[in-house]
Every structure is written in structure tokens, then in C-alpha cells.
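pasting the sequence and the predicted model now:
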Amino acid sequence: MKSIFACLPASLLISILLILSLFACKKDPYELGIDLLPPSDTLNVLTTDTCTVEAFSVRVDSIRTDRASSLILGSMMDPVFGKTTSSLYTQFILSSLGADFGPRPVLDSLVLMLFYQDHYGDTTTLQNVKVWELSQKLEPDTAYYSNRRLDTYPALLADQNFTPHPADSVKVGGKKMAAHLRINLSNMTNYLGNKILYAPKSALALNSAFVDFMRGLYIQSTPVNYGGALLNFKLGDGSSQLVAYYHDGENPARDSLSFNMLITSSCTRFMNLNHNSYLDASQDLKLQILSRDSAAGANKLFLQGLAGVKIKLRFPFMKTFGKGRAIINDALILFKNAENDTNYGPPPSLTIVRQDSIGRIAFLIDSNEGEQYFGGTYNESKRTYFFRITRYMQKVLANYYTGKYDLYMLVNNPTSSVLYPNRIVLNGTGPQFPERFKLKVTYTLLK
């Protein structure tokens with residue numbers, strides 16, 4: 001039986017094969033939207049990466065830290081961003097209710113145990129922490145920001161130097177435990193340990209009563225002058241805790257007793273973050289965030305987590321793009337890590353938000369399409385990021401946004417409980433960079 005194609009004229013057969021080959025081609029993900037236009041209009045599809053982009057770095061005022069999924073403690077001296085120091089405020093809850101320590105308990109030691117999760121920076125640098133008991137109560141369901149401070153009692157409970165060992169197990173009582181930092185709160189005074197052991201029964205009956213009785217601790221990191229690291233400690237699994245070791249003063253046979261007070265996800269806690277006003281930062285960074293020289297963004301751009309540095313973005317001529325005759329098929333913000341070799345890893349992801357003149361934040365409509373489409377994730381092999389903002393740009397052309405607002409690029413997503421300490425230096429917007437910070441637009445000009 002002959003094929004149906006054998007009966008067709010040669011010219012018609014060639015036309016059919018051409019049409020089939022067009023349908024067989026793979027779709028270019030960067031040409032989204034072209035197939036939604038009339039076929040006659042695809043001849044007017046153009047691409048440009050010369051749109052004017054104004055970008056410069058500014059300081060982050062503060063971030064909310066009471067919802068953080070882990071606790072960051074420590075200090076780091078970065079050659080570009082200067083000093084960053086993170087200190088902690090936290091409550092503790094009872095590991096069991098109605099504890100009975102006996103009529104005459106004798107304190108052996110009171111130890112704060114913080115179990116490592118990961119770190120950022122140089123862990124070979126000696127660090128120092130100081131600890132006080134809180135005199136001011138941590139309120140549940142309260143937003144605590146990174147610039148907040150609480151009152152403490154004057155008695156210093158610990159002043160301890162340590163070198164972090166986030167990968168080394170620790171021997172406690174002859175048993176190996178996972179890597180953690182141990183801060184002894186009874187070397188300088190037995191005050192807090194005895195306060196717990198001789199607490200009234202009512203204070204140990206309920207966690208709500210206990211956090212009124214012992215309101216928590218302030219763990220202050222001392223700023224380092226070189227090196228250093230920001231140490232990330234586990235929260236939520238109950239491993240990080242305060243342990244009172246004691247023995248029975250009336251029955252010496254009852255020794256090696258202990259009682260645990262836990263830091264869990266239900267405990268109110270927050271981080272206080274300090275960048276020393278960026279007095280130790282590089283001159284390039286100071287020029288933008290302290291001198292407010294927006295033109296310096298043409299050379300370098302800076303991003304830093306933990307209430308550090310964000311990038312302010314403007315596209316001043318987009319409202320008149322294509323003289324009102326353009327349909328945006330695709331709009332990409334493209335940018336690259338400017339540092340080839342650094343001890344400080346770049347942020348694994350970034351985010352972009354809209355912010356109005358009174359600080360209200362909204363996300364770009366394109367973010368609803370998911371990470372694969374919207375972008376923001378670091379490409380380690382290419383050392384690049386991208387954001388796809390096609391729908392947002394189309395709304396700009398349509399004068400959809402009537403209020404006054406700006407775009408900001410951030411390391412830490414305002415709605416996420418994960419706070420990254422990472423930072424990065426990016427190529428600026430200047431034409432001297434082959435892979436500059438730019439906006440690439442694919443569009444169709446309507447007839």
C-alpha cells in the first residue's frame with residue numbers, strides 16, 4: 001500500500017514537512033508569550049538589554065527575628081561589609097512539670113548548651129560571649145525586630161572565650177554528644193543556679209509560671225576585630241538547653257543529678273543584630289550606603305543578609321517603553337557575582353519586593369508562578385542569578401501601579417523564617433562589565 005505522501009505534489013509535500021518541523025522545534029523558555037500573539041505580529045518581536053537600570057545599595061533598617069527557625073550567635077569581620085555581630089534573647093521552658101529538687105539541693109554547675117547547625121565565616125577565630133538574666137519579660141505573639149534591646153539584671157553570669165568547633169563531638173560525663181557550645185553560668189556566680197533549684201513549687205508547676213519566674217537570658221557576642229564567624233544553632237528539637245547539675249545535700253549518695261530547661265520553637269526569642277554602623281566597611285560600600293551616592297551602583301552592588309544591605313531598583317523609562325505600542329513577552333533581570341574567590345559564600349536565594357513610602361511591602365505578581373519561573377536562586381556554575389518580572393513589567397506599561405513605591409532586592413525574604421547571613425558583591429550597571437547588572441526585555445511592537 002502506497003503512503004499517502006506519495007500521492008501528493010512535491011511542492012505541497014515540502015510545505016507539509018516544513019510545518020511539521022516547526023511544530024517539532026523545542027520551545028525557547030525565554031520567548032514566553034510569543035505564541036499568544038497573532039502570527040503576523042511575531043515579525044515585530046525584538047530583544048534589548050540596553051534599558052536604563054538604576055540600582056544602588058542601601059541599608060536595611062531592621063528585620064523581624066522572633067520567627068527565625070534557628071538562632072545565630074557570634075561576630076564576624078568581613079573585609080567588604082565590616083563587622084556583623086549577632087546576640088540572642090531567649091526564654092526557656094521546663095523539660096518536665098512539677099520538678100522536686102529535694103529539701104537541700106547543692107548546685108554543681110549551670111551550663112547553657114547550644115547545638116551547632118551550621119556556620120558562616122572563619123571558625124578558627126577566638127570569640128567571646130557574655131550572659132545576663134533578663135529582667136524584662138519576653139512577650140509571646142510579639143514582633144521583635146533586630147534592633148530591639150531588653151533590660152537585664154546587673155549580675156554578669158558568664159564571660160567566656162571560646163573557639164567554635166561546629167563539626168567536633170563533645171564528651172560529657174564520659175559520653176559523646178553532638179557538636180555544641182557549652183557556656184558555664186556558674187563560674188562567676190551561683191546566683192541563677194540556686195534561684196532555679198530553690199524556686200517555689202508554683203514556679204515549676206507550669207511553663208507560663210516558669211517564664212514569669214525566670215524570664216530568660218541575654219547572650220551577648222563581643223565584636224571581633226578580624227576573622228570570626230556567625231554560628232547557627234538548632235532550635236525546635238529541644239537539643240539546645242540550660243542544664244542545672246546538682247546533688248542532694250542531705251543524701252550524698254544521690255549525686256550527679258540534673259534538670260533540663262529547653263529552648264524550643266514555642267519559646268519567645270529573637271536576635272539583636274549590629275553592623276557597627278558600617279564604620280569598618282570598604283570605601284566602595286560606604287560610598288553607597290553612608291554617602292548615598294547612587295551613581296556608584298554603576299561600579300559595584302552589594303547585598304547582605306541579617307538586616308544588612310539591600311539593593312534599590314528603578315527602571316525610569318519603562319512606562320514609555322515602545323511608545324505605548326509594546327507587549328512584553330519576557331523581562332529578565334540578570335546579574336553576576338563579582339568575586340571569583342571568597343571565603344564568604346553567596347546567598348543561596350534572593351527575593352524582590354515592592355515597598356511604598358510608608359514601608360508596606362508587596363511581592364511581585366511573577367513570584368506566584370514559582371521559583372523555576374520567577375528565579376532568585378544562585379547558579380553556582382555560572383555564578384549568576386536572574387529574576388523574571390514579565391507580568392510586573394506589563395502592568396507598569398499599563399499604568400496599573402498608581403501609588404508611589406520602589407523595588408528592593410533582599411537576601412532575606414520578609415515572610416520566611418530562614419535568615420541567611422550570606423553576602424555578595426555584584427557587577428554594577430555600568431557598560432564596562434560584559435555581564436553587568438541589566439534588564440533584558442523581549443517584546444512585540446504592535447502595528
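Noted; the coordinates are in hand.

CA only for contacts and neighbour counts going forward, please
OK.

any idea where the helices of the stretch 51-200 of the chain begin and end?
Ranges of helices in the stretch 51-200 of the chain, per DSSP state H, counting those that start in this stretch, are 191-197.

ugh, wrong one, I meant the stretch 301-447 of the chain
371-374, 390-397.

compile these into TSV and extend it with columns for mean neighbour count, mean pLDDT and distance to Ser349.
Output for those, formatted as TSV (neighbours: other C-alpha atoms under 10 Å; pLDDT from 0 to 100; distance: least, C-alpha to C-alpha, whole Å):
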stretch	mean neighbour count	mean pLDDT	distance to Ser349
helix 371-374	15	95	10
helix 390-397	20	92	19
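
in TSV, list these along with distance to Ile219.
Shown next, in TSV, are the helices of the stretch 301-447 of the chain (distance: least, C-alpha to C-alpha, whole Å):
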stretch	distance to Ile219
helix 371-374	37
helix 390-397	44
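
so for Asn147, which of those sits nearest?
Asn147 lies closest to helix 371-374 among these, at 30.8 Å (C-alpha to C-alpha).

rewinding a little: for Thr85, find the nearest of the helices of the stretch 301-447 of the chain.
helix 371-374 (31.1 Å).

quick one: distance of the closest one to the chain centre.
Helix 371-374 sits 19 Å away from the centroid of its parent chain (C-alpha atoms, centre = their mean, to the nearest Å).

and the helices of the stretch 301-447 of the chain: which comes nearest Gly345?
helix 371-374 (20.7 Å).

which other helices and strands contact the closest one?
Other helices and strands packing on helix 371-374, by 3 or more C-alpha pairs under 8 Å, 6 or more residues apart in numbering; DSSP states H and E, are strand 384-388.

extract the C-alpha set from the strand it packs on and format it as CSV.
What follows is strand 384-388, C-alpha atoms only, in CSV (Å, rounded to 0.1, in the frame of the first residue of the first chain):
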residue,chain,number,x,y,z
THR,A,384,24.7,34.3,38.4
TYR,A,385,21.1,35.0,39.4
PHE,A,386,18.0,36.0,37.4
PHE,A,387,14.5,37.3,38.1
ARG,A,388,11.7,37.0,35.6
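
ok, and what's touching it?
330-337, 366, 373-379 (C-alpha atoms under 8 Å, 6 or more residues apart in numbering).

do the same with stretch 369-376
By C-alpha under 8 Å, 6+ apart, the residues outside stretch 369-376 that reach it are Ser349, Leu350, Thr351, Asp366, Ser367, Asn368, Thr377, Tyr385, Phe386, Phe387, Arg388, Ile389.

with pLDDT, neighbour count and distance to Val441 as added columns, please give the residues you listed in CSV.
Output for those, formatted as CSV (pLDDT from 0 to 100; neighbours: other C-alpha atoms under 10 Å; distance: C-alpha to C-alpha, whole Å):
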residue, pLDDT, neighbour count, distance to Val441
Ser349, 96, 18, 22
Leu350, 97, 21, 21
Thr351, 96, 19, 20
Asp366, 96, 18, 15
Ser367, 95, 21, 18
Asn368, 94, 10, 20
Thr377, 97, 17, 20
Tyr385, 97, 20, 16
Phe386, 97, 21, 13
Phe387, 98, 23, 12
Arg388, 97, 26, 10
Ile389, 96, 23, 10
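
farthest-separated two in the residues you listed?
The widest separation within the contacts of stretch 369-376 (C-alpha to C-alpha) is 18.1 Å, between Asn368 and Tyr385.
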